[in-house]
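Asker: Quick one: sequence plus predicted model below, questions after.
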Amino acid sequence: MSRILCLDYGERRTGVAISDQTRTIAQSLTTITHKNDEELISAVSRLVKQYEIDLIVIGLPLSLSGKPSTRSEKIRQLASRLARQLHLPVELFDERLSTRYAQQIYAEVHGTPFRQRPGAESPLDRIAATIILEDYLNWIRSCRRATGVEE
C-alpha cells in the first residue's frame with residue numbers, strides 16, 4: 001500500500017498530514033501557505049511525488065447538522081481539480097469539529113490555550129489535518145471489520 005495525504009484546506013493556509021505505508025498511523029506533515037489554489041495544487045503535487053501518495057483525502061466542512069456548509073462547494077471544486085491535475089483519487093471526509101479538537105490537543109500539550117501571534121505559523125492547521133486523517137483511517141478499519149475484510 002502507498003500513503004494517503006490529507007488536507008485541511010484554508011484560504012491562505014492548508015494543513016497537511018500523511019499516513020504511513022500501512023495506512024495505520026497518521027502524522028502531521030506541514031502547513032502549506034498559498035495565495036491561490038494554483039500554488040496549493042503545485043505544492044500538493046510536489047508532496048505527492050516526494051511521498052509516493054496514491055490517495056488524497058480533503059476535510060469537508062459540514063454544519064453540525066451534517067448539511068453542506070458555505071465552503072463545501074469550494075472544497076468539492078478543489079477536490080475535482082486535484083483529481084484531474086494529479087491523476088489521483090480524491091475523497092472528501094467529514095471534518096466537523098477538527099479545529100476545535102486541534103485547539104484542545106494544543107492546549108493539553110502546551111498547558112495553555114492557543115493564541116495566534118501575528119506573523120507566526122499556526123500548528124492548528126496541520127493538527128486538524130492529522131485528526132481528519134486519523135478519523136478517516138479509523139473509518140476505513142471499521143468498514144473492513146463490518147464487512148469481514150482482512151486488513
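Answerer: Nice, thanks for sending it over. Numbers count the residues shown, from 1 in each chain.
Asker: helix or strand for residue 5, which one?
Answerer: strand 3-8 (DSSP states H and E).
Asker: Give the pairing partners of that strand; include direction for each.
Answerer: strand 13-19 (antiparallel), strand 53-60 (parallel) (DSSP bridges).
Asker: Tell me which of those sits most buried.
Answerer: Looking across the strands paired with strand 3-8 with neighbours counted as mean count of other Cβ atoms under 10 Å, the highest average goes to strand 13-19: a mean of 24. All C-beta spots, glycine's among them, are computed from the backbone N, C-alpha and C.
Asker: what sits up against whichever helix or strand comes after that one?
Answerer: Next helix or strand after strand 13-19 toward the C-terminus (DSSP H and E): strand 26-33. Outside strand 26-33, the residues that touch it by Cβ atoms under 8 Å, 6 or more residues apart in numbering are 5-6, 12-20, 40, 43-44, 47, 121-123, 125-127, 129-130, 133-134, 137.
Asker: are any of those buried, and which?
Answerer: Buried by 16 or more other Cβ atoms under 10 Å: 5-6, 13-19, 40, 43-44, 47, 122-123, 125-127, 129-130, 133-134, 137, out of the contacts of strand 26-33.
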